[in-house]
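Visitor: kindly generate the corresponding structure for this input.
(2 chains)
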Amino acid sequence: MTAEATVQSLQSAVRHRLWQGQFVAAARRALWGSAGLMLLAAVLHMAARRVHVDAVLSALVALWAMTLAWAGLRRPSDSVCALWADRHLGGASAFSTLLEMREGKAVPNARAMRWLERWTEAQVPHSLRLLGGRHKSARLSKPLLAMLVCTALATIVLTLPGTAPSAPREPASPSATAADRLLPDAERPASADLVGALASALRSTDSRRASDRRDDSRAPAAGPGRSDASSESRVAQTGTAPPGELSTSSAPASGAAGEAAPTAGAKPTTSAGSGRDAGDSRDERADAGLSRVPQSTMQAQRRESSGRRPAPERQADPDQLATFDEEPPMHRMTTAREVPDPAAATPPPATDAAPLTPTKAAYVYAWMKASRQRR
Amino acid sequence: MDESQQATPLTADPAADSAYADAQRTLQDLRALLDRVIVGQGELVTHLVTAVFAGGHVLIEGLPGLGKTHLAKALAAALGLHWARVQCTPDLMPADVTGAEIYATAAGGASTFEFRPGPVFAQLVLVDEINRATPRTQSALLEAMQERQVTHAGISHRLPTPFCVLATQNPIELEGTYPLPEAQLDRFMFKLTVPFPDRGSLRALLDVSLDAEPADTLQPIAGPADVLRIAELCRTVLLGERCKEAAVDLIVATQPDASGSDTGARRHIRYGASPRALQAVIRAARVGAVMAGRSHVDIDDLAAIALPVLRHRILLRLESELDGLDADATLASVIDGWRRQF
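Guide: Here you go, the predicted model:
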């Protein structure tokens, strides 16, 4: 075997080894990539949208194909093999120098070249022994383990029912309530409609009582019959519900209250008293920002106190920072009369968590009826 | 590439193939001989032999009594070289080194001025305590080292071959000395430091040189012609592109302002190695390759001689010197970082 053939055999062995290393490295990268892909699919499936297993498998196949093709197409060149042999197989720069001198245009010193060829030829068996005894460390255990774990996780997530993201739940914030008003009636839960109807009925009862008092003070001609009719019409017409409340245009309040099968409300909505005192106690569900005192009572108090009130003082409004009311008290009073009645206490937002039992629904209905009779 | 380009012109001389092996054998024998005489200074001996066959000059620094003069004498004796010694003092004149014209009467009665060569006209010149000579004398000597000739009265006199200057200097007792300027230090291929021998070497030293001067009894194993032949052979050693790049990178790594310089070099070095250092690195590495029985240079050959080639060619920042750093420590980190790249 000539010197060139001997060196070529070493180069072939080194190329085979380097190519093998490239495939191992590609497999390592593909394993890590597969693990990441599985995790991504699981997270995407749970957080954003349903991910099909076929899509994940297709992505995996594409990843592996690209990585292995990249490794297969990168054939180690002669110079790379020579350099590697110089570095790792005791070549002492002989293989790369020999390759350069053979390929170079400059004619090297003949004596040195011959000695170099002899030196490399003598070195090849030793280098082959070193190559054979070199430990092949694939280092595939960690990425393989990671891929198995991630695959198992992704399989569980993708195959179990109920892990896909559900429809957006009704938020409990006021802004979400406002957004709810924009929903079409078909998308609104029936329990929310029922609760809205009940709340409207309660509010209409309170507001009717307040308006009756105002009417009594102005013209005591209004009779109870008219009041009842007005009350019932308000209960029935959800369009009269004040802003901030759920509109119940499709569900009749009395019927809904009577049937009350699918109800809502996390807490029992009966915070009023019982028996005779039903409806007379303060509504604890009221919004903290709104007064529970009827507007007519407030106006009457203002009227009584306007004569003996000292000069108006500027009162700090904690809700409106850096602003204060410039209006004089008299003007404020007249303005207060023109202001429409504020909304009554806002019932808690309706949720599907605790449905109103028929007993409770019947109780609410009885309470409404008692309120009407008292008027 | 066609066959004509791939074909390597080879000589038909079968003895040519063994030239590198012969050179390696000679160098190994020389080292072994000097190791027996200069006990416990193996690296110093190797570098010294390398410098001689690479055609360079050596500056040896060490404390008194470490065998610097003894080393020079042993080397000259082992190689059969004509050697001379110049003991430098402040009143040493350039003519005392290079030679002078004297008025001489010929046999026929005619009187003429003739040039009498100085000690620099030896093949191996030991310049002892070179830093005690005046700058004028130093420059005359260093001119001879660089040009390998002495010009006197308009006539150039070639120095003998091989020609090697071994200059010594003492790192202590610097009062009344004239430290060599950087430009003159650059003329030396190597700056070698003589370390204090270890306990075992001291013990062996007693057996070798207690009652006799071993250098006086050395038999030469080679002659000046062998030195020239091996030096010529070393110049044929092949140098691959990778090694060329590595040598250039090594020099660039010592430059504080270069883009490829080492971080330690940027912090501590004020002036880096010169292009002459690059030539010295390659020449010395070629001798190292022949010593290893190769006709091509390896990067390990470059690394082996990097420190003695570079240590006197860099100038540290004042702050680094005040911090206790020296050139060896700085270069060690630079060379280590450079070596990891290849």
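Visitor: what's the longest helix along chain B packed up against?
Guide: In terms of residue count, the longest helix belonging to chain B (DSSP state H) is helix B:19-37. Under the contact criterion of 3 or more C-beta pairs under 8 Å, 6 or more residues apart in numbering or on different chains; DSSP states H and E, helix B:19-37 touches helix A:110-133, helix B:42-54, helix B:68-79, helix B:199-209, helix B:224-234, helix B:275-291. Bear in mind the C-beta positions are built from the backbone N, C-alpha and C, glycine included.
Visitor: just want the angle from it to helix B:68-79.
Guide: Taking axes from the mean of the first three to the mean of the last three C-alpha atoms, to 10 degrees, one finds helix B:19-37 and helix B:68-79 inclined to each other by 140 degrees.
Visitor: please compute how far helix B:19-37 lies from its chain's middle.
Guide: For helix B:19-37, the separation from the chain centroid amounts to 17 Å (computed by C-alpha atoms, centre = their mean, to the nearest Å).
Visitor: show me what residue of the stretch 101-250 of chain B gets nearest to chain A.
Guide: Proximity of the stretch 101-250 of chain B to chain A (C-beta to the nearest C-beta) peaks at B:Gly240, 3.7 Å away.
Visitor: OK, contacts around A:Glu4?
Guide: Neighbouring residues of A:Glu4 by C-beta atoms under 8 Å, 6 or more residues apart in numbering or on different chains: A:Glu117.
Visitor: let's see 7 Å
Guide: Applying C-beta atoms under 7 Å, 6 or more residues apart in numbering or on different chains to A:Glu4 gives no contacts.
Visitor: also A:Leu39?
Guide: Each residue near A:Leu39 by C-beta under 7 Å, 6+ apart is listed here: A:Cys150.
Visitor: now do B:Arg266
Guide: Under the criterion of C-beta under 7 Å, 6+ apart, the contact partners of B:Arg266 comprise B:Pro256.
Visitor: burial count for the closest residue to B:Ala104 other than its chain neighbours?
Guide: If the residues on either side of it in the chain are set aside, B:Ala104 comes closest to B:Glu114, at 4.9 Å by C-beta to C-beta, 6 or more residues apart in numbering or on different chains. The number of residues packed around B:Glu114, counting by other C-beta atoms under 10 Å in any protein chain shown, is 10.
Visitor: so B:Glu114 sits against B:Ala106, correct?
Guide: No: in this structure, B:Glu114 sits apart from B:Ala106 without contact. The criterion is C-beta atoms under 7 Å, and the distance is 8.7 Å.
Visitor: chain B contacts on the stretch 1-150 of chain A?
Guide: If contacts are counted using C-beta under 7 Å from any C-beta of the partner chain, the residues of the stretch 1-150 of chain A sitting beside chain B are A:92-94, A:96-97, A:100-103, A:107-116, A:118-119.
Visitor: for chain A, give me its nearest residue in the stretch 51-200 of chain B.
Guide: Chain A sits closest to B:Phe53 of the stretch 51-200 of chain B, with a gap of 15.9 Å, by C-beta to the nearest C-beta.
Visitor: got the contact list for that residue?
Guide: B:Phe53 sits in contact with B:Val227, B:Ile230, B:Ala231, B:Cys234, B:Val287, where contact means C-beta under 7 Å, 6+ apart.
Visitor: nearest to A:Ala366 among those?
Guide: Of all the contacts of B:Phe53, A:Ala366 sits closest to B:Val287, with 114.8 Å by C-beta to C-beta.
Visitor: okay, now that closest one: neighbour count?
Guide: A total of 30 residues lie near B:Val287 under the criterion other C-beta under 10 Å.
Visitor: and what of the one 5 residues further on?
Guide: The criterion is other C-beta under 10 Å. On that basis, B:Ala292 has 19 neighbouring residues.
Visitor: from B:Glu232, how far out is it?
Guide: Distance, B:Ala292 to B:Glu232, using C-beta to C-beta, to the nearest Å: 18 Å.
Visitor: swap in B:Glu129?
Guide: B:Glu129 sits at a distance of 33 Å from B:Glu232 (criterion: C-beta to C-beta).
Visitor: who's more crowded, the two?
Guide: Neighbours per residue, other C-beta under 10 Å: of B:Glu129 and B:Glu232, the larger number sits with B:Glu129, 18 against 12.
Visitor: surely that one touches B:Asn170?
Guide: Yes: look at B:Glu129 against B:Asn170 with C-beta under 7 Å: they come within range, at 6.1 Å.
Visitor: buried set for stretch B:33-49?
Guide: B:33-34, B:37-41, B:44-49 (16 or more other C-beta atoms under 10 Å in any protein chain shown).
Visitor: same check on stretch B:169-181?
Guide: B:Gln169, B:Asn170, B:Thr177, B:Tyr178, B:Leu180.
Visitor: repeat for stretch A:4-16
Guide: Applying a neighbour-count criterion of 16+ other C-beta under 10 Å, the buried positions in stretch A:4-16 are A:Thr6, A:Val7, A:Leu10, A:Gln11, A:Ala13, A:Val14, A:Arg15.
Visitor: about what we covered before: dump the buried residues of stretch B:33-49 into CSV; add pLDDT and distance to B:Ala74 as well.
Guide: Listed next are the buried residues of stretch B:33-49 as CSV, based on pLDDT from 0 to 100; distance: C-beta to C-beta, whole Å:
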residue, pLDDT, distance to B:Ala74
B:Leu33, 92, 8
B:Leu34, 91, 6
B:Val37, 85, 5
B:Ile38, 86, 6
B:Val39, 85, 11
B:Gly40, 85, 14
B:Gln41, 88, 11
B:Leu44, 92, 12
B:Val45, 93, 9
B:Thr46, 94, 14
B:His47, 95, 14
B:Leu48, 94, 10
B:Val49, 95, 11
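Visitor: wait, which of the residues you listed is closest to B:Gln24?
Guide: If you rank the buried residues of stretch B:33-49 by distance to B:Gln24 using C-beta to C-beta, B:Val49 comes first, at 12.0 Å.
Visitor: identify the residues contacting the closest one.
Guide: B:Leu27, B:Leu30, B:Arg31 are the contacts of B:Val49 under C-beta under 7 Å, 6+ apart.
Visitor: among those residues, which one has the most neighbours?
Guide: For these, neighbours tallied by other C-beta under 10 Å; top is B:Leu30, 26 neighbours.
Visitor: thought B:Leu218 was touching that one, still the case?
Guide: No: taking contact to mean C-beta under 7 Å, the distance of 10.7 Å between B:Leu30 and B:Leu218 leaves them out of contact.
Visitor: list residues touching both of those two?
Guide: Common neighbours of B:Leu30 and B:Leu218 (criterion: C-beta under 7 Å, 6+ apart): B:Ala78.
Visitor: of the residues of the stretch 1-150 of chain A next to chain B, just the buried ones, PyMOL syntax please.
Guide: The following PyMOL selection, which keeps only the buried ones among the residues of the stretch 1-150 of chain A next to chain B, applies the criterion 16+ other C-beta under 10 Å:
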select buried, chain A and resi 92+93+94+96+97+100+101+102+108+109+110+111+112+113+114+115+116+119
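Visitor: for the buried residues of stretch B:169-181, which one is nearest B:Val208?
Guide: The shortest gap between B:Val208 and any of these belongs to B:Asn170, at 23.9 Å (C-beta to C-beta).
Visitor: go ahead and confirm that closest one touches B:Leu66.
Guide: No: contact status for B:Asn170 versus B:Leu66: not in contact, 10.2 Å apart, counting by C-beta under 7 Å.
Visitor: the domain parsing of chain A - what is it?
Guide: As recorded under automatic domain parsing, the domains making up chain A are A:3-159, A:174-305+A:328-374.
Visitor: worst mean pLDDT among those?
Guide: Out of the domains of chain A, domain A:174-305+A:328-374 stands lowest, with a mean of 53 (criterion: mean pLDDT).
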